[in-house]
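Participant: here are the coordinates; sequence isn't available:
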Ligand code: MSP
């Protein structure tokens, strides 16, 4: 993130996903964004730790298992495999995958609980009110209309039972102070404002245990109580680092997180409950909580009942993994809501990838091999066109960094494709086929070397978004990422003296809209 030291550690997380149902495009979105950040930071030489996982406890999962005639553990064991194979399909380079049913996780949850208890932040009482099982959230009376949650429309359940409470109300002022003095803490800005105005209304203490179901981690010393699933889930961010275990080395090295990436639907849990819990326990707070928007499909909210839920497996089968990754990050400003349509997906895949980028590489490599053979020498500046191409390439690293550091993926990608377009224009300006006819091999070698350099720098920047496609393009260019550092090698001319290119093979196929 902004102002970061390229040598330092970088710990980032995705939400852990419920296992009540199979993954959909919304889950893929957060995870692809996180993977892109992780790859980008690694490519710059940072010590990255990237965590994802599954949220397996709670009523929602328990009920879902009951409906399916199975146990929650069996359901979790089945669905977690879908997540794992989706992350493999989507080229997600996580360092750890935590499941909340693992012992290492329960140890962290219990340790945090005991710490909170020791600090006097927990007390016993009775909870009477409403509960939204679908969101696993307590809902205030003011938000209830005809027994349903006015925000989500979900049916609510009336709860009256003994419960432990967390003294959330005591942390309101400290939270406001922290958010105000750390403007980067909650992003984008509109969500920061939303949380501040939520805090303005004051905070009630939070019920953090239940006695009417069993699927969860029990309260230390009081096994009739199961710890509230959100307390359980949020703790994954530290339990995965060994917090509460015999070896807390990873915790010491990586905590606090630099970035929690989440969807806007779970902002309050991350920007209010989680920091308050950490404050109460005397643990450091994460550096940034960044919330992204919601995807719709052709203008409609995705839902099972409408049958319009986008299946990430089907989508990547049809369009290709890197095409989908590119689309998700290029099409919509991160932080805002976005709409998926096949028309838009096809446009991005064909125009940006197959035409602009794919053709640039193909024609460059074909001409190189046809006119000069497979050896490409270093780029050089001889003419005004060369100088202008170099200016564009040289401008990319800083523009890209500025956008990536603020998670403006769409702007970072826009900057890359501006250079691609400049490269294509350079082909037209220099007309290598004319130089070839004239027998001007000296000039031809410079022009083609400059084009290869343009594509190399472009690909280095695109790699975090489309790793597999970029690896394939690099292989054709005789270039390898081994030992490469983006900050050092992402500059014009920062490459081996000679590259040996191979026969070009289109990396991006043209696609059409699926027939419905
Ligand atoms: N288990 C909790 C998170 C606990 S984190 C300590 C949870 N899980 S979830 O399976 O419901 O996944 C929620 C996440 O999925 C959202 O934060 C968001 O990242 C993503 N999305 C789910 N549907 C989405 C869309 N339609 N569009 C974009 N992202 C959405 O909540």
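Facilitator: It's in. Keep in mind it's a predicted model, so treat the numbers as computed, not measured.
Participant: which residues touch residue 96?
Facilitator: 49, 50, 51, 52, 53, 240 (CB atoms under 8 Å, 6 or more residues apart in numbering). Glycine gets a C-beta too; all of them are placed from N, C-alpha and C.
Participant: neighbour count and secondary structure for those residues - can I get that in a markdown table?
Facilitator: Converted to a markdown table, those look like this (neighbours: other CB atoms under 10 Å; DSSP: H, G, I helix; E, B strand; the rest coil):
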| residue | neighbour count | secondary structure |
| --- | --- | --- |
| 49 | 22 | strand |
| 50 | 23 | strand |
| 51 | 23 | strand |
| 52 | 27 | strand |
| 53 | 25 | strand |
| 240 | 27 | coil |
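Participant: the residues you listed also near the ligand: which ones?
Facilitator: The subset of the contacts of residue 96 within reach of the ligand, by CB under 6 Å from any ligand atom, is empty.
Participant: of all the residues you listed, which comes closest to residue 30?
Facilitator: residue 52 (8.8 Å; CB to CB).
Participant: list the residues that contact the closest one.
Facilitator: 13, 14, 16, 31, 34, 87, 92, 94, 96, 97, 98.
Participant: out of those residues, name the ones that lie in helices.
Facilitator: 31, 34, 87 (DSSP state H).
Participant: closest to the ligand among those residues?
Facilitator: residue 31 (8.3 Å; CB to the nearest ligand atom).
Participant: what about the residue in the stretch 301-450 of the chain positioned nearest to the ligand, how many neighbours?
Facilitator: When scored by CB to the nearest ligand atom, the stretch 301-450 of the chain has residue 302 as its residue closest to the ligand, at 5.4 Å. Residues lying near residue 302 (other CB atoms under 10 Å) number 18.
Participant: sec struct for the residue nearest to it when sequence neighbours are not counted, please.
Facilitator: Spatial nearest neighbour of residue 302, chain neighbours left out: residue 309 (4.7 Å); criterion: CB to CB, 6 or more residues apart in numbering. The three-state label given to residue 309 by DSSP: H, G, I helix; E, B strand; the rest coil is coil.
Participant: wait, residue 309 touches residue 300, no?
Facilitator: No. Using CB atoms under 8 Å as the test, residue 309 is too far from residue 300 to be in contact (10.5 Å).
Participant: show me what the helix or strand harbouring residue 403 packs onto, helices and strands only.
Facilitator: Residue 403 is part of helix 384-405 when elements are defined by DSSP states H and E. Judged by 3 or more CB pairs under 8 Å, 6 or more residues apart in numbering; DSSP states H and E, helix 384-405 is in contact with helix 409-430, helix 441-462.
Participant: show me what from the stretch 151-300 of the chain comes close to the ligand.
Facilitator: Counting by CB under 6 Å from any ligand atom, the stretch 151-300 of the chain sits next to the ligand at 233, 234, 236, 262, 263, 265, 266, 294, 295.
Participant: leaving out sequence neighbours, find the closest residue to whatever residue of the stretch 1-150 of the chain ends up closest to the ligand.
Facilitator: Shortest the stretch 1-150 of the chain-to-the ligand distance, computed as CB to the nearest ligand atom: residue-wise this is residue 26, at 2.1 Å. Nearest residue to residue 26, sequence neighbours excluded (CB to CB, 6+ apart): residue 295, at 5.8 Å.
Participant: distance to the ligand added to the ones in helices among the contacts of residue 52, as CSV?
Facilitator: What follows is the ones in helices among the contacts of residue 52, written out as CSV (distance: CB to the nearest ligand atom, whole Å):
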residue, distance to the ligand
31, 8
34, 10
87, 14
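Participant: what are the phi and psi angles of the residue in the stretch 201-350 of the chain that the ligand sits nearest to?
Facilitator: Closest residue of the stretch 201-350 of the chain to the ligand, CB to the nearest ligand atom: residue 263 (2.5 Å). Torsion angles at residue 263 (phi, psi; degrees, to the nearest 10) stand at phi -90, psi 160.
Participant: which ones are touching it?
Facilitator: Contacts of residue 263 by CB under 8 Å, 6+ apart are 15, 26, 29, 30, 291, 292, 293, 294.
Participant: with residue 211 instead?
Facilitator: 161, 162, 163, 224, 225, 226.
Participant: how far is the helix-or-strand element of the chain with minimal mean pLDDT from where the chain is centred?
Facilitator: The helix or strand of the chain with the poorest confidence is strand 300-301; it has a mean of 88 (mean pLDDT, DSSP states H and E). Relative to the centre of its chain, strand 300-301 is centred 22 Å away, using CA atoms, centre = their mean, to the nearest Å.
Participant: after that strand, which helix or strand is next?
Facilitator: Past strand 300-301, the next helix or strand by DSSP H and E is helix 312-319.
Participant: contacts for that following helix, please.
Facilitator: Against helix 312-319 from outside (CB under 8 Å, 6+ apart): 23-25, 27-28, 86, 89-90, 324, 327, 345, 349, 511, 514.
Participant: any bit of that helix sitting next to the ligand?
Facilitator: No. Judged by CB under 6 Å from any ligand atom, helix 312-319 makes no contact with the ligand; its nearest approach is 11.4 Å.
Participant: out of the contacts of residue 263, grab the one that's most surrounded.
Facilitator: residue 29 leads those on contacts (other CB under 10 Å) with 27 neighbours.
Participant: ok, that residue - contacts?
Facilitator: Taking CB under 8 Å, 6+ apart as the criterion, residue 29 is in contact with 263, 292, 295, 328.
Participant: and the residue nearest to residue 302, what does it touch?
Facilitator: Residue 309 sits in contact with 24, 25, 297, 302, 303, where contact means CB under 8 Å, 6+ apart.
Participant: the first one: neighbour count?
Facilitator: The criterion is other CB under 10 Å. On that basis, residue 24 has 19 neighbouring residues.
Participant: now stretch 184-201: buried residues?
Facilitator: For stretch 184-201, burial by neighbour count (16 or more other CB atoms under 10 Å) applies to 185, 186, 187, 188, 191, 192, 194, 195, 199.
Participant: which of those residues sits closest to the ligand?
Facilitator: Nearest member of those to the ligand, counting by CB to the nearest ligand atom, is residue 191, at 12.4 Å.
Participant: give me the element that closest one is part of.
Facilitator: Using DSSP H and E, the element containing residue 191 is helix 189-200.
Participant: which secondary structure elements does whichever helix or strand comes after that helix contact?
Facilitator: Of the helices and strands lying after helix 189-200 in sequence (DSSP H and E), the nearest is strand 206-207. In terms of contacts (3+ CB pairs under 8 Å, 6+ apart), strand 206-207 is packed against strand 157-166.
Participant: one more time with 10 Å
Facilitator: Counting contacts by 3 or more CB pairs under 10 Å, 6 or more residues apart in numbering; DSSP states H and E, strand 206-207 packs against strand 122-132, strand 157-166.
Participant: can you list those in TSV and add mean pLDDT, mean neighbour count and distance to residue 173?
Facilitator: As requested, those are exported to TSV (pLDDT from 0 to 100; neighbours: other CB atoms under 10 Å; distance: least, CB to CB, whole Å):
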stretch	mean pLDDT	mean neighbour count	distance to residue 173
strand 122-132	95	15	20
strand 157-166	96	16	16
